[in-house]
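> sharing a sequence plus its predicted fold:
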Amino acid sequence: MPMLVDSAIRKRFQASMSREPVDTNFVFDAQLCRKAMIKYIIHAEVPFLQFVDPYLQPWIETMQPTFKVKGRQTIRSDCFKKFEDLKTELHTELQNLDSRVCLTSDIWTASQNLGYMAVTAHYIDVEFKIKKKIIWFKVLEYPHSGFAMKEEIVRCLTEWGIRDKLFTLTLDNASNNTTACEELVTNHGDELLFEGEHLHVRCSAHILNILVQDGMLVIHTAIRKLRELLKHIDSSLSRLQVFNSLANGMGLASKSGIYLDIPTRWNSTFKMLRDALKYKVVLNSYAPKYHEPPPTEEEWKKATAVCEFLKAFEELTLAVSAHRKPTSHRFLPLVLCILHALKDPAWQSTDLLMELAMSMHWKFEKYWSPAEDDLHNVAYRKRKKKEIAFSVVLVIATILDPRRKADFLSFFFERVFSDTSKIDMYVRYAIEWMRKYFTLYEQRYTRTSSVDMMTRANQASTNMGSPVLGKRKIEVDFAQYATQRRIAQAPKAEIDTYFEEPLEPDNVEDFDILAWWKSKSDKFPVLSIMVRDFLAIPLSTVSSESTFSLGGRILGERRSSLAPEMLEALVCGKDWLFMTKDLAEEGRKPFFK
């Protein structure tokens with residue numbers, strides 16, 4: 001009589017048979033395993049102390065008995081060696097880069113009471129893929145003056161060999177940042193395009209933060225009360241339990257923690273307000289129990305109205321803060337969106353919102369609305385040390401968006417400036433600068449084409465016999481002649497052809513501007529080179545600020561003794577090991593590259 005097999009055992013057996021077969025030719029490679037582990041340690045921010053845990057080696061042996069985990073000092077050395085290898089690879093990539101590099105920078109004070117300066121490089125490669133790399137994370141000695149910042153940026157550019165590739169520098173509005181840019185232009189202007197005329201790009205996220213912070217002063221009392229009340233709840237586990245008990249009794253979910261804002265960041269205050277409004281009844285019940293003053297009903301109403309108004313600004317902040325996709329071509333539309341929100345009567349339904357909009361509009365005029373008579377007067381700006389609010393390179397980036405082109409400039413200036421008689425002058429000013437840049441890039445394209453032709457001619461002379469050489473040399477000479485003749489006739493034609501072609505439809509969700517330009521690179525060879533530089537300009541310094549969040553996590557409470565060199569290695573190493581989800585899911589093969 002056949003033996004009956006338990007159904008659970010049968011299911012497990014069937015499941016094992018349905019799995020992919022194990023590669024019988026697989027041979028364990030301890031060195032390969034160790035290299036992969038180092039990548040994981042850097043990327044997962046694993047503390048080195050984890051490798052002295054007595055249970056680690058026994059666990060590893062259950063999977064591969066022959067693999068021995070090294071001590072933490074060896075692991076530390078391996079991580080630093082990996083950083084140096086990755087740095088060499090990135091250095092080679094930047095040396096071979098045929099486009100310019102845009103930088104962002106910021107300063108951070110770590111828990112070690114050391115000031116770190118981060119510099120992040122943004123560029124678009126030959127495949128029209130945007131790249132973001134942290135290239136500097138070093139201690140900056142106090143005081144953090146503009147002169148000290150300039151020297152540190154120059155050291156960074158020199159070490160990476162990209163002094164002649166710098167295009168723009170995006171910084172916030174601190175005075176030392178302005179001084180740093182002025183010093184760079186004064187001392188190194190000959191290495192910059194147009195002597196650094198458009199080097200400094202002001203961080204849009206920072207300006208947006210100033211705008212909204214100024215507007216939120218109209219409900220500062222309610223915000224202060226809420227902040228203090230939430231701090232009181234978050235100060236002990238027992239108080240949080242009381243809060244959750246009240247919430248559950250009112251049909252609301254428990255909270256594992258209370259969200260507290262960073263007063264200098266408006267979007268964090270907005271999130272705190274939005275979160276508090278969901279638990280309004282709970283907070284009103286909790287406050288009397290501990291003799292804490294809750295917001296009045298009038299203040300709650302004001303907070304609700306302000307939250308609705310600021311929702312649009314949160315979306316705009318997220319848009320300018322992106323650093324893995326182009327943002328520069330979004331600048332002028334962003335400004336119009338802000339202006340629309342500040343002027344839209346539908347938003348100004350109460351005296352409170354009118355006051356808020358008026359306060360924000362005053363700041364808008366200060367930062368993003370230059371005196372109309374001075375827009376094109378460069379001499380005036382230099383004399384008064386006043387910069388154009390709308391950086392010319394950002395205006396050109398908007399023109400390079402095939403959905404907008406120069407048509408958008410007229411549309412834009414009509415809505416921003418009251419004197420419409422000067423709109424044509426503003427547009428001409430921007431187009432003139434675009435043509436100046438175009439001429440510069442055309443000259444570079446001509447030189448590059450000539451070098452390519454000479455290289456092919458040299459290869460033909462060394463690789464071919466004399467009967468073929470004559471014919472081949474004539475072909476190469478003619479190709480070079482035709483290219484130079486075409487280029488000599490085409491600069492104006494190419495840019496005019498771009499302007500004359502109809503606009504691309506603007507109703508496509510997630511329009512990929514880089515993919516569009518890649519597909520048009522043969523038709524617009526010079527403009528496509530320009531695009532790679534202008535669309536690499538970041539609108540904000542968020543990429544550098546996120547570096548500090550990473551640095552803070554790596555240091556933590558258990559790693560505060562990390563040397564600055566090791567912290568830089570771990571911060572930069574993780575950034576350089578960035579992998580898209582698509583790449584990670586593609587068999588994970590690139591991980592072992």
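That came through, no problem.
> my guess is Phe194 contacts Val392, does it?
No - Phe194 is not in contact with Val392 according to CB atoms under 8 Å; the separation is 9.6 Å. Just so you know, the C-beta spots here come from the backbone N, C-alpha and C atoms, and that holds for glycine as well.
> so what touches stretch 248-267?
Residues from elsewhere that reach stretch 248-267 (CB atoms under 8 Å, 6 or more residues apart in numbering): 208-209, 212-213, 216, 227, 230-231, 233-234, 240, 243-244, 247, 268-269, 271-272, 275, 278-279, 281-282, 285, 310, 313-314, 317.
> ok, back up a step: more neighbours, Phe194 and Val392?
Comparing Phe194 with Val392 by other CB atoms under 10 Å, the one with more neighbours is Val392, at 18 against 13.
> what residues are up against that one?
With contact taken as CB under 8 Å, 6+ apart, Val392 is in contact with 197-198, 430, 433.
> try Met566
Met566 neighbours (CB under 8 Å, 6+ apart): 76, 79-80.
> please identify the helix or strand for it.
In the assignment (DSSP states H and E), Met566 maps to helix 564-576.
> mind checking how far that helix is from the chain centre?
On the basis of CA atoms, centre = their mean, to the nearest Å, helix 564-576 is displaced by 18 Å from the centre of the chain it belongs to.
> how many other residues sit next to Pro47?
Look at Pro47: counted by other CB under 10 Å, it has 13 neighbours.
> right, and it touches Gly556 too?
Yes - with contact defined as CB under 8 Å, Pro47 and Gly556 form a contacting pair (7.5 Å).
> what is the rounded mean pLDDT of the helix holding Met566?
What helix 564-576 shows for mean pLDDT is 93.
> now do the buried residues in that helix.
566-576 (16 or more other CB atoms under 10 Å).
> CA-only coordinates of it in PDB, if you can.
In PDB, the C-alpha atoms belonging to helix 564-576 read as follows (Å, rounded to 0.1, in the frame of the first residue of the first chain):
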ATOM      1  CA  PRO A 564      36.600  64.000   8.300                       C
ATOM      2  CA  GLU A 565      38.400  62.000   5.600                       C
ATOM      3  CA  MET A 566      36.400  58.900   6.400                       C
ATOM      4  CA  LEU A 567      33.100  60.800   6.600                       C
ATOM      5  CA  GLU A 568      33.800  62.300   3.100                       C
ATOM      6  CA  ALA A 569      34.600  58.800   1.800                       C
ATOM      7  CA  LEU A 570      31.300  57.400   3.100                       C
ATOM      8  CA  VAL A 571      29.200  60.400   2.000                       C
ATOM      9  CA  CYS A 572      30.700  60.600  -1.500                       C
ATOM     10  CA  GLY A 573      30.900  56.800  -1.800                       C
ATOM     11  CA  LYS A 574      27.200  56.400  -1.200                       C
ATOM     12  CA  ASP A 575      26.300  59.100  -3.700                       C
ATOM     13  CA  TRP A 576      28.600  57.600  -6.400                       C
END
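> residues touching Gly556, list them.
Counted by CB under 8 Å, 6+ apart, Gly556 has contacts Pro47.
> nearest to Asp344 among the buried residues of helix 564-576?
Distance ranking of the buried residues of helix 564-576 against Asp344, using CB to CB, places Asp575 first at 40.0 Å.
> how much space between that closest one and Cys102?
16 Å (CB to CB, to the nearest Å).
> Ala287 now?
Shown here: Ala287 relative to Cys102, a distance of 49 Å by CB to CB.
> these two: who's more crowded?
A side-by-side neighbour count of Ala287 and Cys102, using other CB under 10 Å, places Cys102 first with 25 against 17.
> hmm, that one is touching Leu539, no?
No - using CB under 8 Å, Cys102 is not in contact with Leu539, being 10.5 Å away.
> now do the shared contacts for these two.
By CB under 8 Å, 6+ apart, the residues touching both Cys102 and Leu539 are 170, 201.
> can you tell me how far Thr317 is from Arg330?
12 Å.
> I misspoke; the intended subject was Asp510.
Distance, Asp510 to Arg330, using CB to CB: 13 Å.
> higher neighbour count, those two?
A direct count of neighbours by other CB under 10 Å for Asp510 and Arg330 places Arg330 higher, at 22 against 5.
> list the contacts of the more buried one.
With contact taken as CB under 8 Å, 6+ apart, Arg330 is in contact with 319-320, 539.
> turn these into a markdown table, including pLDDT and distance to Asp419.
A markdown table is the format used below for the contacts of Arg330 (pLDDT from 0 to 100; distance: CB to CB, whole Å):
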| residue | pLDDT | distance to Asp419 |
| --- | --- | --- |
| Ala319 | 81 | 29 |
| Val320 | 80 | 28 |
| Leu539 | 90 | 27 |
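> mark which of those are buried, thanks.
Judged by 16+ other CB under 10 Å, buried ones among those: 319-320, 539.
> distance to Glu141 and secondary structure added to those residues, as CSV?
Putting the buried ones among the contacts of Arg330 into CSV (distance: CB to CB, whole Å; DSSP: H, G, I helix; E, B strand; the rest coil) gives the following:
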residue, distance to Glu141, secondary structure
Ala319, 36, helix
Val320, 31, helix
Leu539, 30, coil
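> ok, the closest residue to Glu127 other than its chain neighbours to Lys422 distance?
Counting by CB to CB, 6 or more residues apart in numbering, Lys518 is the residue found nearest to Glu127 once chain neighbours are left out, at 7.4 Å. With distances taken as CB to CB, Lys518 is found 37 Å from Lys422.
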